[in-house]
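J.: Provided below are the primary sequence and the corresponding predicted coordinates.
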Amino acid sequence: PMADDEVEQLSEEILSAFGAEFEAGGAHVTREADEGCVAVFGYEQVDERDAERAVAAALAVGAQRDATNRVLADIGSAITASVGIHSGFLTRGGDARRVGGETVTGARHLAQHAPIDGVLLTQACRDLLEGRFVTRPHGRIAGRGRAREIEVFEVLGVAAARWDRGRGGARTPFIGREVVGPRLSALLSPSAPRLIALTGPAGVGKTRLAGACVAELGDAVILRAQPPSAAPYALWGAVLRGVFSADEGTLPEPAFDRKFEDLVAGLTADRGLELRLQRPIIELLLERAAGGLGGQSPQSLDSRIARTVGLCLEACGAGLVVVLEDAHRADSPSLTLAPRIIAELQLPMALLVTTRQASALPWPAGSFEHLRLGPLAADEARGMVRALCAGRALSAAVEDDVAERSGGNPLFIEEIVAALGEQDLL
């Protein structure tokens, strides 16, 4: 058995490691007296990805916990670490380092109700994730200090590329998108291969608009992916994971072989033969190959990857829509290949890329269709406030204040209205 001082030192090291994972994700971390910690994302400046960063950091803490337990197994010990994630306002202590308030209390309450080693979050946090993580309903729990129960969800992991029939998830009607919405819908039903860029600042609704337009496509097959990392060609690896339905790690060899043969069968004889020759590229992108492809120049590798991804997408059939979200997080080699992949296709399909700035896309002029989303105009922002507060009588002053503070950003409007509603200030 370990001495008390050894246990105390080990606990300190473990909590420091957990705190470091949260800090690496951008959080302000304070220690708790009960051998826990509070990590605040957006402590200095709020960002639309704070919820995503919080969940990613919580999963990283889980991985750190598992690694620690593998070491502790040698002495017959183990630790647990549960996380609760909540969003809203907070208060700072007198030294400006301590934080508290209803949001912190709510997160602590979620952690107490979480499964062992689990991560729980509220519906509001889950909505902010926009499908980037896999979650499942955990039921309803009594809100801390509230009469009504709240619905909570358990985080299971990161969402890989996935097939679906589109998703909308709209909470309010679209406002101020009367021109760009129909234009995007038309572009997503092409008569030839088409590359589309939907750009705009964080929070203006690129993902939601793309999802709504995709949902209108009926039986069209949709493949969504996002950059899993900034490693070279990681974006196209994510796309192929969707094609091969390899969301849960590496496919067993028989399943991989069957899917590969299905793709070959979906092509003409000559293009199917070419896909067979490019199988090493598929295995490289899916991280199935033990090593890289030695002796390849960057130009040759680019050409082979573009050709291979194009053949795989073409094998999925005409009318396929590939949605690549948050391309500003992707590696440059992946982005550079997008026009070349489109040029490889011989069937009509669309490749939609959402990103913050078109200037970050290394694509030749004329090789893609460009749609821009900007903040809502003042009257549109006020209309969104009214839509979110349907059934409540709001003063013009409240509408104007929210519209001004949000800068017309739809995400910020939703967050401000939600925060005011939770505190009964509407």
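T.: Right, received. Where do you want to start?
J.: From here on, just use CA atoms for contacts and neighbour counts.
T.: Noted.
J.: Tell me where the chain has strands.
T.: Using DSSP state E, the strands found in the chain span residues 28-31, 37-40, 83-85, 91-92, 99-100, 119-122, 133-142, 149-158, 162-164, 194-199, 222-225, 321-324, 350-355, 369-372.
J.: Let me have these in a markdown table, extended by mean neighbour count, distance to Glu13 and mean pLDDT.
T.: Formatted as a markdown table, those follow (neighbours: other Cα atoms under 10 Å; distance: least, Cα to Cα, whole Å; pLDDT from 0 to 100):
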| stretch | mean neighbour count | distance to Glu13 | mean pLDDT |
| --- | --- | --- | --- |
| strand 28-31 | 17 | 13 | 86 |
| strand 37-40 | 22 | 13 | 90 |
| strand 83-85 | 27 | 18 | 94 |
| strand 91-92 | 12 | 26 | 67 |
| strand 99-100 | 16 | 23 | 72 |
| strand 119-122 | 26 | 22 | 92 |
| strand 133-142 | 14 | 29 | 84 |
| strand 149-158 | 18 | 25 | 85 |
| strand 162-164 | 16 | 38 | 41 |
| strand 194-199 | 22 | 44 | 96 |
| strand 222-225 | 23 | 37 | 89 |
| strand 321-324 | 24 | 40 | 94 |
| strand 350-355 | 24 | 40 | 95 |
| strand 369-372 | 16 | 48 | 95 |
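J.: Adding distance to Ala17, write these out as JSON lines.
T.: Compiled in JSON lines, these are given as follows (distance: least, Cα to Cα, whole Å):
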{"stretch": "strand 28-31", "distance to Ala17": "12"}
{"stretch": "strand 37-40", "distance to Ala17": "11"}
{"stretch": "strand 83-85", "distance to Ala17": "15"}
{"stretch": "strand 91-92", "distance to Ala17": "24"}
{"stretch": "strand 99-100", "distance to Ala17": "20"}
{"stretch": "strand 119-122", "distance to Ala17": "18"}
{"stretch": "strand 133-142", "distance to Ala17": "23"}
{"stretch": "strand 149-158", "distance to Ala17": "20"}
{"stretch": "strand 162-164", "distance to Ala17": "33"}
{"stretch": "strand 194-199", "distance to Ala17": "38"}
{"stretch": "strand 222-225", "distance to Ala17": "31"}
{"stretch": "strand 321-324", "distance to Ala17": "34"}
{"stretch": "strand 350-355", "distance to Ala17": "33"}
{"stretch": "strand 369-372", "distance to Ala17": "42"}
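J.: CA atoms only: put the lengthiest helix in the chain into CSV for me.
T.: When the chain is parsed with DSSP state H, its longest helix is helix 50-72. Extracted C-alpha coordinates of helix 50-72, given in CSV (Å, rounded to 0.1, in the frame of the first residue of the first chain):
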residue,chain,number,x,y,z
ASP,A,50,-15.7,27.0,-26.9
ALA,A,51,-18.2,24.2,-26.5
GLU,A,52,-16.3,22.1,-29.0
ARG,A,53,-13.0,22.8,-27.2
ALA,A,54,-14.5,21.9,-23.9
VAL,A,55,-15.7,18.5,-25.1
ALA,A,56,-12.4,17.8,-26.9
ALA,A,57,-10.5,18.6,-23.7
ALA,A,58,-12.8,16.4,-21.6
LEU,A,59,-12.1,13.5,-24.0
ALA,A,60,-8.4,14.2,-23.8
VAL,A,61,-8.7,14.0,-20.0
GLY,A,62,-10.4,10.7,-20.4
ALA,A,63,-7.5,9.4,-22.5
GLN,A,64,-5.1,10.7,-19.8
ARG,A,65,-7.1,8.9,-17.2
ASP,A,66,-6.9,5.6,-19.1
ALA,A,67,-3.1,6.0,-19.6
THR,A,68,-2.7,6.7,-15.9
ASN,A,69,-4.8,3.6,-15.0
ARG,A,70,-2.6,1.4,-17.1
VAL,A,71,0.3,2.5,-15.0
LEU,A,72,-1.6,2.2,-11.7
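J.: returning to that earlier point: so which of the strands of the chain gets nearest Ala418?
T.: Minimum separation from Ala418 across those (Cα to Cα) falls at strand 119-122, 12.9 Å.
J.: That closest one: partners in the sheet, and parallel or antiparallel?
T.: Sheet pairing of strand 119-122 (DSSP bridges) gives strand 83-85 (parallel), strand 149-158 (antiparallel).
J.: For Leu345, find the nearest of those.
T.: In terms of Cα to Cα, the element of the strands paired with strand 119-122 nearest to Leu345 is strand 149-158, at 29.9 Å.
J.: Done for today, thanks.
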